[in-house]
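Student: Following is a predicted model, sequence given first.
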Amino acid sequence: MVESDLFEPYDRLIEIEVLGRRVSVPENNRLLRCFQFLSLRTISYGDFCWNGDCTNCQFWYREPGDPAEAPERTALSCRFRVQEGLNITRLNPCVQIEGVNAPRRDAAQPADDAAPAAPEASPAAAHAYQET
Ligand code: FES
């Protein structure tokens with residue numbers, strides 16, 4: 001049994017599909033927590049109320065056994081308990097998952113995104129940047 005402050009206790013990871021990608025997430029958790037498991041930074045800092053009020057976590061899906069031509073269902077991921085084989089077909093644009101619909105963060109990238117970017121112009125411009 002895995003226990004943490006962030007996730008409900010779980011024994012194993014289960015497979016779901018998110019926008020055509022197979023991913024493994026902790027069973028027994030709300031789907032938004034599973035998205036956080038996949039993409040800690042973007043979901044933790046995302047614009048989510050976590051209690052069913054904002055609808056920013058909305059997603060569209062098919063359950064295992066739904067025919068491909070069946071209309072998509074929709075739900076709020078902060079209220080929806082994940083199930084094995086879930087097929088998520090669309091996400092509210094607020095749900096950005098690294099490696100799925102957002103670029104993976106480069107491990108070599110500085111942790112502080114607010115730091116000013118180094119100028120890419122001439123060496124003189126770089127020198128001027130360093131003096132300020
Ligand atoms: S996070 Fe606001 S409704 Fe789900």
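Tutor: Happy to help now that I have it. Numbering: from 1, shown residues only.
Student: Can you tell me which residues in this structure are near the ligand?
Tutor: Contact residues (CB under 6 Å from any ligand atom) of the chain with the ligand: 48, 49, 50, 52, 53, 54, 55, 56, 57, 76, 78. From N, CA and C alone the C-beta is placed, and that goes for glycine too.
Student: OK, contacts around the closest residue in space to residue 3 that isn't next to it in sequence?
Tutor: With sequence-adjacent residues excluded and distances taken as CB to CB, 6 or more residues apart in numbering, residue 3 is closest to residue 9, at 4.8 Å. Contacts for residue 9 (CB atoms under 8 Å, 6 or more residues apart in numbering) come out as 1, 2, 3, 28.
Student: so the second one touches residue 13, yeah?
Tutor: In other words, residue 2. No: taking contacts as CB atoms under 8 Å, residue 2 lies outside contact range of residue 13: 9.3 Å.
Student: Find the residues that touch each one of the two.
Tutor: Common contacts of residue 2 and residue 13 (CB under 8 Å, 6+ apart): residue 26.
Student: picking up where we left off before, now the contacts of residue 9 in TSV, with secondary structure, pLDDT and neighbour count?
Tutor: Compiled in TSV, the contacts of residue 9 are given as follows (DSSP: H, G, I helix; E, B strand; the rest coil; pLDDT from 0 to 100; neighbours: other CB atoms under 10 Å):
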residue	secondary structure	pLDDT	neighbour count
1	coil	87	6
2	strand	87	13
3	coil	83	8
28	coil	96	15
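Student: Among those, which one sits closest to the ligand?
Tutor: Using CB to the nearest ligand atom, residue 28 is the member of the contacts of residue 9 that lies nearest the ligand, at 18.3 Å.
Student: Now for that closest one: which residues touch it?
Tutor: 8, 9, 10, 11, 81, 82.
Student: Please check those residues and keep the buried ones.
Tutor: 10, 82 (16 or more other CB atoms under 10 Å).
Student: Can you tell me which of the contacts of residue 28 is closest to residue 64?
Tutor: Of all those, residue 82 has the smallest distance to residue 64: 12.0 Å, by CB to CB.
Student: and the gap between the residue positioned nearest the centre of the chain and residue 8?
Tutor: In the chain, the residue lying closest to the centroid (CA atoms, centre = their mean) is residue 97, at 2.9 Å. From residue 97 over to residue 8 the distance is 19 Å, taken as CB to CB, to the nearest Å.
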